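Peer 1: Could you look at this predicted model? Sequence included:
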Amino acid sequence: MSTGGWVACVLTALLIAGSLSAYSAYYSITGNIDTAQVDTDGWDRPTDIEGIHNILIMGADVRTGENAEYGKVAGIRPDVTAVASFNADNGAVTLVNLPRDLMVDIPRCDPAGEDFPGTPGRFDQINHAMAYGGASCQWKTVEELTGVHLDHFTLVDFVGFKDIVNTIGGVPMCIPEPIDDPKAKLHLEAGEQVLDGEQALGLARSRDSTEFGSDLGRIDNQQRMMGSIVRTVTGGDTLSRPTTVYDFLGAVTDSLRTDDEFTVEAMADLAIAMRDVDLDRISFVTPPVVEYPQNENKVVLKERPASELFEAVAAGEVLPGEAEEEKEDGSDDDGGDGGSGEGDGGVDPADVSVSVLNNTARSGLGAETGDALGALGFTVADVGNPVARFPEATTVYHGPGRKPRAEALSAVLGAAATEEVAGMSGGVELVIADDWAGVEGGGAAGEGSSASAESAGDEEQDTSVAEELGGTTAATDEKARTCD
């Protein structure tokens with residue numbers, strides 16, 4: 001039930017807030033904002049890079065008061081968790097949308113009053129951190145996951161999002177096919193149309209209307225909506241009408257909660273620094289993920305490409321793959337074929353999520369194997385001991401339709417046996433037996449195997465990451481899409 005438009009609303013509010021310095025109403029509007037204290041001295045933090053401003057933006061799943069009609073789950077679980085990175089030096093803005101179903105290591109978090117019991121640390125959905133330890137726990141979790149130094153956080157609720165969309169006269173969107181999703185209270189005809197607040201909220205929350213009924217499909221809708229909201233607010237004569245600007249920021253601030261250091265002055269400074277940002281410099285991206293082996297409805301990060309993305313955002317550098325996109329003549333690709341990191345078998349190792357289970361008496365073998373597979377580009381979801389299958393020979397188990405992924409893994413294990421398991425979902429399961437021969441090739445998996453491309457140069461890897469980000473920019477017009 002994500003609402004990615006919140007990100008665009010908050011982003012746009014920050015980008016135009018500096019222009020309100022001439023209005024006496026500015027300070028009365030921003031006085032509506034609720035604040036919360038975040039103790040960032042309680043953990044080792046990433047390096048703060050000068051000129052880079054990073055804000056944790058969340059859409060609230062509060063479900064109390066007016067928001068109660070959108071669900072019955074108690075507590076606060078952000079439906080949207082995104083990192084907005086503002087680079088004051090080059091005028092670029094990058095929004096990294098972290099899927100709500102992303103499984104991560106939530107660190108130890110202290111209790112925060114009666115509503116937040118704290119946690120000793122656990123592997124759980126990223127948005128559950130808020131329910132355990134409040135904004136401080138969510139902040140800490142995102143920093144430790146991404147390595148990005150966060151400066152502030154903002155939180156907006158469901159009702160506030162609807163009001164925000166309505167104040168700007170709706171959001172133009174292309175709906176390629178009719179949508180009928182009772183769960184999201186959404187019914188739309190196909191074609192170009194302007195969505196009101198209720199419809200925009202429904203589209204951003206709708207999972208069943210996407211191609212695979214997934215959170216990732218929903219994020220694609222959210223990214224399109226973000227761009228449309230930014231274009232609507234910054235384009236045309238919206239900003240030339242003081243009343244509209246006042247109403248827009250009033251709707252934002254009425255439903256906004258921030259850390260107590262994100263003052264009016266701090267917002268204005270950031271807005272002024274970024275006031276002239278071009279729409280094509282505002283990028284919306286999602287870190288590459290694969291299915292979580294224990295639950296096909298959840299995901300885990302593809303470690304290598306996700307790390308490259310996070311490192312680039314943290315340092316304010318060009319996103320992985322963007323440099324290659326600028327070299328359209330391909331003159332610097334060293335003769336490569338522009339591949340996406342896939343081998344001859346057509347399976348990218350990063351798409352293979354594997355559980356490594358040690359069924360031998362050799363202590364630490366599972367962890368060693370996991371490290372070796374990770375070095376080859378495979379996504380190692382977990383390491384442990386088997387509880388259901390105990391083969392005499394090393395075997396890669398997979399569910400229906402997952403044989404190519406199992407074979408991609410088997411190819412770097414000396415052609416280990418593969419076996420289909422009815423009803424098994426998610427990734428593949430490697431059970432190491434006493435015949436274990438090790439992982440072949442170090443950085444290369446052998447000629448012709450589907451993992452061999454992982455030993456290719458950085459340019460191929462960058463291209464792969466660029467494709468997997470699947471993002472867009474705020475300049476991408478909805479009218480360019482096909483609406484039959």
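Peer 2: Yep, that arrived.
Peer 1: wait, is residue 226 part of a helix?
Peer 2: Yes - when classified by DSSP: H, G, I helix; E, B strand; the rest coil, residue 226 is found to be part of a helix.
Peer 1: Wait, it touches residue 284, no?
Peer 2: Yes - taking contact to mean Cβ atoms under 8 Å, the distance of 5.5 Å between residue 226 and residue 284 places them in contact. Using the backbone N, CA and C atoms, a C-beta is placed for each residue, glycine as well.
Peer 1: Those two: which has the busier surroundings?
Peer 2: residue 284 (31 against 28; other Cβ atoms under 10 Å).
Peer 1: how close does that one sit to residue 170?
Peer 2: Counting by Cβ to Cβ, to the nearest Å, the gap between residue 284 and residue 170 amounts to 20 Å.
Peer 1: Also residue 355?
Peer 2: Between residue 355 and residue 170 the distance, using Cβ to Cβ, works out to 46 Å.
Peer 1: who's more crowded, these two?
Peer 2: Neighbour comparison, residue 355 and residue 170: the larger count goes to residue 355, with 22 against 18 (by other Cβ under 10 Å).
Peer 1: Which helix or strand contains that one?
Peer 2: Following DSSP states H and E, the helix or strand that holds residue 355 is strand 353-358.
Peer 1: helices and strands around that strand, which ones?
Peer 2: Packed against strand 353-358 by the contact rule (3 or more Cβ pairs under 8 Å, 6 or more residues apart in numbering; DSSP states H and E) you find strand 289-292, helix 365-375, strand 379-384, strand 428-432.
Peer 1: Try it again at 6 Å.
Peer 2: For strand 353-358, the contact count by 3 or more Cβ pairs under 6 Å, 6 or more residues apart in numbering; DSSP states H and E identifies helix 365-375, strand 379-384, strand 428-432 as packing neighbours.
Peer 1: Looks to me like residue 220 is in a helix.
Peer 2: Yes - for residue 220, which was evaluated using three-state DSSP, the result is membership in a helix.
Peer 1: can you count the residues close to it?
Peer 2: Here the neighbour count serves as a burial measure; for residue 220 (other Cβ under 10 Å) it reads 19.
Peer 1: Same question for residue 125.
Peer 2: In terms of burial, residue 125 registers 19 neighbours under the definition other Cβ under 10 Å.
Peer 1: same thing with the one 4 residues further on?
Peer 2: Burial measure for residue 129: 29 neighbouring residues, criterion other Cβ under 10 Å.
Peer 1: Check residue 420 too.
Peer 2: The number of residues packed around residue 420, counting by other Cβ under 10 Å, is 13.
Peer 1: Check what pLDDT it gets.
Peer 2: On the pLDDT scale, residue 420 is placed at 90.
Peer 1: For residue 178, grab phi and psi.
Peer 2: Recorded main-chain torsions at residue 178 are phi -60, psi 150, according to degrees, to the nearest 10.
Peer 1: Once you drop chain neighbours, what's closest to it?
Peer 2: With Cβ to Cβ, 6 or more residues apart in numbering as the measure, residue 190 is the residue that lies nearest to residue 178, at 5.0 Å, once sequence neighbours are left out.
Peer 1: Next one: the one you found from residue 161, what distance?
Peer 2: When Cβ to Cβ is applied, the distance between residue 190 and residue 161 equals 24 Å.
Peer 1: of the two, who's got more company?
Peer 2: Higher neighbour count among residue 190 and residue 161: residue 161, with 29 against 13, using other Cβ under 10 Å.
Peer 1: helices or strands next to the strand or helix carrying that one in the packing?
Peer 2: With the criterion set as DSSP H and E, the secondary-structure element containing residue 161 is helix 158-167. Using 3+ Cβ pairs under 6 Å, 6+ apart as the contact criterion, the secondary-structure elements in contact with helix 158-167 are helix 197-205, helix 242-254.
Peer 1: May I have the predicted confidence score for residue 227?
Peer 2: Predicted confidence (pLDDT) for residue 227: 72.
Peer 1: Could you measure from it over to residue 247?
Peer 2: From residue 227 across to residue 247, the span is 22 Å (Cβ to Cβ).
Peer 1: So for these two, which sits in the more crowded spot?
Peer 2: For residue 227 against residue 247, the residue with the higher neighbour count under other Cβ under 10 Å is residue 227, and the figures read 23 against 17.
Peer 1: Please tell me how far the more buried one sits from residue 56.
Peer 2: Relative to residue 56, residue 227 is positioned 21 Å away (Cβ to Cβ).
Peer 1: Check residue 141 too.
Peer 2: Applying Cβ to Cβ to residue 141 and residue 56 gives a distance of 10 Å.
Peer 1: Which residues are in contact with each of the two?
Peer 2: Taking Cβ atoms under 6 Å, 6 or more residues apart in numbering as the criterion, residue 141 and residue 56 do not both touch any residue.
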